[in-house]
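Chemist: What shape does this take:
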Amino acid sequence: MSENERKTIEHSHTPQHPLWLSVVLSLFPGVALGTFIVGTTPVLKGWGLDPIFALFGGIGLVIVPLELGCLAIASRRIIGSWSPLAVTDYRSKLPPGQLLPMAIGLAIWFIFTLIVWILLLEGWVIDWLPSWLPDSILQFSQTNAEGDSPSAGVFAAFLVIAFVFNGLVGPMTEELYFRGYLLPRIDRYGIWAPILNTLLFSIYHVWSPWRWPQIAVGFLPLALVAWQKRSIYVSMIAHVIVNIVFLVMLTASFAAS
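Modeler: A predicted model of the protein is given here:
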């Protein structure tokens with residue numbers, strides 16, 4: 001018996017989703033956030049705020065409630081509890097000496113792919129974005145493009161909102177939802193499960209289609225390790241590190257503008 005077959009049998013108690021349901025559950029929160037960004041970016045720009053606020057606000061107002069709400073509803077339907085954690089799997093605890101180095105290594109890999117993408121490929125890909133994309137998405141691809149420096153108050157609000165929602169709550173919620181709930185429910189596909197989960201996770205970022213390839217390449221090792229180790233804690237810590245480093249990079253770009 002192969003290792004993949006053994007793992008599939010061991011975790012066969014986890015209810016399996018039909019493929020269409022996995023696709024819908026993976027993409028609809030991203031579509032909702034993309035719609036929110038399209039609707040709020042013109043308003044924010046009218047107030048003199050950068051479109052990136054639409055993302056960070058939307059994570060708190062759209063992504064977190066939707067994904068935790070889905071988990072709570074599934075939990076209530078399956079086991080009679082409203083706890084979002086009750087239906088999350090892959091909760092194996094790893095020794096800190098193994099967990100932290102692994103998470104840091106995965107985060108470094110993602111950051112490396114992000115830097116390479118931004119420096120070498122992103123500008124070219126953005127130039128090839130289809131013209132039918134909403135203007136709000138195209139504006140969002142050029143954060144702070146006009147070079148306006150935010151006021152001290154706006155900058156402070158940006159830091160708080162970004163750190164809370166994009167740095168901590170957002171990535172933790174996404175890992176619970178994607179790697180803790182959705183991934184175990186396509187476990188029957190073996191090694192293809194984390195690959196499919198990662199592809200859907202990249203397309204879920206409908207607000208930044210120019211980064212789909214980078215997100216897929218950068219996040220695939222996180223999903224593979226979470227699946228291999230049966231632990232979302234690895235990918236969760238790595239995801240938080242990635243988002244915080246991204247915020248530091250973004251903050252530096254604001255400060256330099």
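Chemist: where along this protein do the helices fall?
Modeler: Using DSSP state H, the helices of the chain run over residues 3-10, 19-46, 52-58, 64-79, 96-116, 122-127, 135-140, 152-161, 170-174, 192-204, 212-229, 232-256.
Chemist: Figure out which of those helices is closest to residue 180.
Modeler: Of all the helices of the chain, the one in closest proximity to residue 180, counting by C-beta to C-beta, is helix 232-256 (4.5 Å). Using the backbone N, CA and C atoms, a C-beta is placed for each residue, glycine as well.
Chemist: what about this protein, any weak spots by pLDDT?
Modeler: Counting by pLDDT under 70, the chain contains low-confidence residues at 1-12, 130-152, 254-257.
Chemist: If we use 90, what do you get?
Modeler: Within the chain, the segments meeting pLDDT under 90 span 1-15, 38, 40-56, 78-79, 118, 121-162, 207-208, 246-257.
Chemist: Of all the helices of the chain, which one is nearest residue 185?
Modeler: Shortest separation from residue 185 across the helices of the chain is recorded for helix 19-46, at 6.7 Å, computed as C-beta to C-beta.
Chemist: Buried ones in that closest one, by neighbour count?
Modeler: Across helix 19-46, burial judged by 16 or more other C-beta atoms under 10 Å covers 22, 25-27, 29-30, 32-38, 40-41, 44-45.
Chemist: can you give me how far it is from the chain middle?
Modeler: Relative to the chain's own centre, helix 19-46 is displaced by 13 Å; criterion: C-alpha atoms, centre = their mean, to the nearest Å.
Chemist: Can you get me a residue count around residue 187?
Modeler: By the measure other C-beta atoms under 10 Å, the count of residues near residue 187 is 22.
Chemist: ugh, wrong one, residue 177
Modeler: If you count neighbours by other C-beta under 10 Å, residue 177 ends up with 26.
Chemist: can you tell me how far the closest residue to it other than its chain neighbours sits from residue 204?
Modeler: Spatially, and ignoring its direct neighbours in sequence, residue 177 is nearest to residue 67 (4.1 Å; C-beta to C-beta, 6 or more residues apart in numbering). In this structure, residue 67 and residue 204 are 10 Å apart, going by C-beta to C-beta, to the nearest Å.
Chemist: Is the residue nearest to residue 177 in contact with residue 172, as I believe?
Modeler: No. Using C-beta atoms under 8 Å, residue 67 is not in contact with residue 172; the gap is 10.3 Å.
Chemist: neighbour count winner among those two?
Modeler: Each of residue 67 and residue 172 had its neighbours counted (other C-beta under 10 Å), and the higher figure belongs to residue 67 (22 against 17).
Chemist: residue contacts, the more buried one?
Modeler: For residue 67, the contacting residues are 29, 173, 174, 176, 177, by C-beta atoms under 8 Å, 6 or more residues apart in numbering.
Chemist: Check residue 237 too.
Modeler: Contacts for residue 237 (C-beta under 8 Å, 6+ apart) come out as 99, 100, 103, 107.
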